[in-house]
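> Turn this into a structure:
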Amino acid sequence: LAVAAILLPAPRQEPAAEREGDGYSVEPSISGDGRLVAFASVATNLVDGDTNGVADVFVRDREAGTTRRVSLGPGGRQANAESRRPVLSSDGRFVAFESWAGNLGAADEEGRPSGEGYEGRIFLHDLESGRTTCVTEERRASRAALSGDGRFVVYQQSGWTAEDGRRTNVFLYDREDGSTRQLTDAKTIGKKEGGDCIHPSISGDGSIVVFESWAETLAPVPARELADHPFDFSSQRRHIFSLERVTGADRYVSDIAVDDEVYGGFFGPHVSADGRYVAYSHADSRRFGSTWIGFVTDRVGRRPGRLVTAPTERMPAMDMLGLSADGARAIYRSPTDGLVPADRNSQTDVFLWEREPGRSTLVSVSTDGASADGTSLDASISADGRFVAFSSWATNLVAADRNRCQDVFVRDLREGTTSRVSV
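Numbering: from 1, shown residues only. This is a model prediction of the structure:
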C-alpha cells in the first residue's frame with residue numbers, strides 16, 4: 001500500500017482561555033502520563049480559524065493549558081470532511097485518527113471527500129515535528145490503535161471481491177519502514193458475508209494484537225470447546241483472538257479460556273500495555289439474558305475471565321472501555337444504578353474497576369462528588385490508572401457549564417478532582 005507523508009508547520013499554541021466549546025466534543029484518548037487528551041469535536045471556537053463546519057481532531061495539553069487542531073492538510077488547510085476517533089500513543093507524541101476528508105494527504109490536492117460513512121482513511125500526526133502521515137491511501141479504514149511509542153498502528157479495513165463478498169480485516173502499519181501488513185484473512189466457508197475481524201487493540205511494544213472475529217477459518221476451536229459450548233460462528237457469535245508477533249512468526253490464539261458455563265459471544269477487546277490482560281464484554285443469553293457483562297482475562301495464566309462484579313440484584317450491563325498498563329484497573333460504562341452506593345442518577349456512567357480488591361469506583365462525578373446529571377459515554381485511562389478522560393452530557397461536573405453540549409472531562413482519581421478539557 002502506498003504511504004504519503006506531509007510536513008505541516010508547527011501548530012500554533014492557542015491561548016489558555018476557558019471558553020466553552022460551541023459544539024459537542026467526544027471520543028477522548030489520554031496519554032500515558034495523563035497530560036495530553038485528544039478528542040473529536042464539532043466546536044468552532046476551540047482554536048482560531050476553524051471555519052470548515054465539520055468535526056475535527058484536537059489535542060489539549062492540560063499542563064500548558066493549550067489546545068491545537070491536528071486534522072489539517074498541507075499548509076494547514078482545513079479538512080473538507082469530518083475527522084474522528086483519535087488515539088494517542090502512550091508517550092504522548094503521536095495521535096492517529098480517521099478522516100473522511102479528501103484533502104489531508106500530500107497527493108490529495110483538493111480531492112473530494114468520501115461520500116460514505118465507511119470510506120475513511122487513517123492518518124498519523126507527530127505532535128513534535130508537525131508531520132502527518134497518511135497511513136491508508138485505500139479507504140474504508142477505521143478504529144486505529146497505537147503501540148506505546150507510536151511505531152505501530154493497527155486498524156480495521158474493509159474490502160470487497162466477487163468471490164468473497166465484503167471482508168473486514170486487521171492491518172498493521174510500521175512507522176519506521178513505512179510498510180503495511182495484512183494481519184488477518186477472514187473468510188467464512190461457504191458464505192459471502194460475515195467472518196470479519198474487527199476492533200483491534202495492540203500492546204505497548206506492538207508484539208500482541210487482539211481482535212474479535214466470527215471467522216470460522218481464522219483459527220481452529222478445540223474440539224472439547226465446540227462440544228461443550230457450541231459457538232455458532234455462522235450465526236455471528238464472536239470470539240476474541242490474539243496475534244502474537246514473536247520470532248517473526250504470527251500465531252493466532254483464542255484468548256478466552258472457556259469455563260464450564262460460558263456460552264455466547266465476546267466483544268470489544270482491549271489489551272493491557274504489557275500484553276497480559278484483556279478486557280472484553282460478553283453476551284451470554286443463557287446466564288445474563290440480553291445483557292453484556294464485563295470481564296478481564298489473564299492471557300498468560302490462561303484462566304477464565306474474571307467477572308467485573310457489582311452488588312446489584314440483577315446483572316449490570318457493561319461495556320468495557322480500556323485497561324491500565326498493567327491490567328490492574330479497567331474502565332467501563334454502564335446504565336445500571338447501584339454499582340456503587342452513590343450511583344442513583346438513572347444515567348449511563350463511567351466506572352473504574354480495580355482487580356484487587358475487586359471493587360468499582362464511580363468516575364463520572366464532579367469534584368465535590370455530585371453524580372452526573374447526564375449520560376457519560378466514551379472513556380480512556382492513563383497508564384497508571386490515575387487519570388480517566390471521558391465524554392459526558394452532564395452540566396454539573398464543573399462550574400459554569402452552560403453550552404448544553406457533550407464535553408470531555410478528566411477525572412483525577414488520586415486528587416478527587418474533575419476538570420473540563422474540551423476548551
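
> Can you pull out the low-pLDDT segments for this structure?
1-18, 107-118, 161-165, 186-194, 215-238, 246-264, 284-291, 301-307, 309-316 (pLDDT under 70).

> ok, which stretches of it are helices?
For the chain, the helices defined by DSSP state H cover 223-228, 285-288.

> Next, count neighbours for E137.
By other C-beta atoms under 10 Å, the residues close to E137 number 15. (C-beta placed from N, C-alpha, C; glycine too.)

> Now it. Its backbone dihedrals?
Reported as degrees, to the nearest 10, the phi and psi values for E137 are phi -70, psi -30.

> ok, so what distance separates it from Q157?
11 Å (C-beta to C-beta, to the nearest Å).

> same deal with S272?
Distance from S272 to Q157, by C-beta to C-beta: 25 Å.

> that older thread, common neighbours of E137 and Q157, please.
Applying C-beta atoms under 8 Å, 6 or more residues apart in numbering, one finds that no residue jointly contacts E137 and Q157.

> give the contact list for the residue lying closest to D274 once chain neighbours are set aside.
Leaving aside its chain neighbours, D274 sits nearest to D326 (5.8 Å; criterion: C-beta to C-beta, 6 or more residues apart in numbering). Residues near D326 by C-beta under 8 Å, 6+ apart: 272-274, 276-277.

> Give me the distance between D326 and R355.
The spacing between D326 and R355, counted by C-beta to C-beta, is 9 Å.

> Show me where the stretch 301-423 of the chain has its strands.
Ranges of strands within the stretch 301-423 of the chain are 303-307, 319-323, 329-334, 349-354, 359-362, 376-381, 387-392, 407-412, 417-420, based on DSSP state E, counting those that start in this stretch.

> closest to L183 out of those?
strand 319-323 (20.8 Å; C-beta to C-beta).

> Report all helices and strands that that closest one contacts.
strand 265-271, strand 277-283, strand 292-298, strand 329-334, strand 376-381 (3 or more C-beta pairs under 8 Å, 6 or more residues apart in numbering; DSSP states H and E).

> Neighbours of E63, how many?
Residues lying near E63 (other C-beta under 10 Å) number 9.

> tell me the contacts of the closest residue to it other than its chain neighbours?
Once flanking residues are discounted, E63 sits nearest to R35: 5.4 Å by C-beta to C-beta, 6+ apart. R35 makes contact with 61-63, 92, according to C-beta under 8 Å, 6+ apart.

> Return the closest of those residues with respect to T51.
D61 (23.3 Å).

> pretty sure that closest one is in contact with A38, am I right?
No: applying C-beta atoms under 8 Å as the test, D61 and A38 come out as separate, 10.7 Å apart.

> Please identify which of these two sits among more neighbours.
A38 (30 against 19).

> For that one, which residues are in contact?
Contacts of A38 (C-beta under 8 Å, 6+ apart): 28-29, 57-60, 70, 86-88, 95, 97.

> Please apply the same query to P28.
37-39, 378-380, 389-391, 408, 421 are the contacts of P28 under C-beta under 8 Å, 6+ apart.

> Buried among the residues you listed? Need that as a selection in PyMOL.
In PyMOL, a selection of the buried entries from the contacts of P28 looks like this (16 or more other C-beta atoms under 10 Å):
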select buried, resi 37+38+39+378+379+380+389+390+391+408+421
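
> Pick the one among the contacts of P28 closest to P74.
Nearest to P74 among the contacts of P28, counting by C-beta to C-beta, is A38 at 21.0 Å.

> What's the local residue count around the nearest residue to the closest one once chain neighbours are set aside?
Counting by C-beta to C-beta, 6+ apart, A38 lies nearest to P86, which is 3.9 Å off, once chain neighbours are set aside. Neighbour count of P86, defined by other C-beta under 10 Å: 26.

> I'd like the distance between E20 and G148.
33 Å.

> surely G159 meets R167?
Yes: between G159 and R167 there is a contact under C-beta under 8 Å: 5.8 Å.

> between those two, who's got more neighbours?
R167 (22 against 14).

> CA atoms only: put stretch 42-60 into CSV for me.
In CSV, the C-alpha atoms belonging to stretch 42-60 read as follows (Å, rounded to 0.1, in the frame of the first residue of the first chain):
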residue,chain,number,x,y,z
VAL,A,42,-17.6,20.0,16.0
ALA,A,43,-17.0,23.1,18.1
THR,A,44,-15.8,26.1,16.0
ASN,A,45,-14.3,28.1,18.8
LEU,A,46,-11.6,25.9,20.4
VAL,A,47,-9.0,27.4,18.1
ASP,A,48,-8.9,30.4,15.8
GLY,A,49,-9.8,30.0,12.1
ASP,A,50,-12.0,26.9,12.5
THR,A,51,-14.5,27.5,9.7
ASN,A,52,-14.8,24.2,7.9
GLY,A,53,-18.1,23.3,9.7
VAL,A,54,-17.1,19.6,10.3
ALA,A,55,-15.8,17.5,13.2
ASP,A,56,-12.0,18.0,13.7
VAL,A,57,-9.4,16.3,16.0
PHE,A,58,-7.9,18.4,18.8
VAL,A,59,-5.2,17.8,21.4
ARG,A,60,-5.4,19.5,24.8
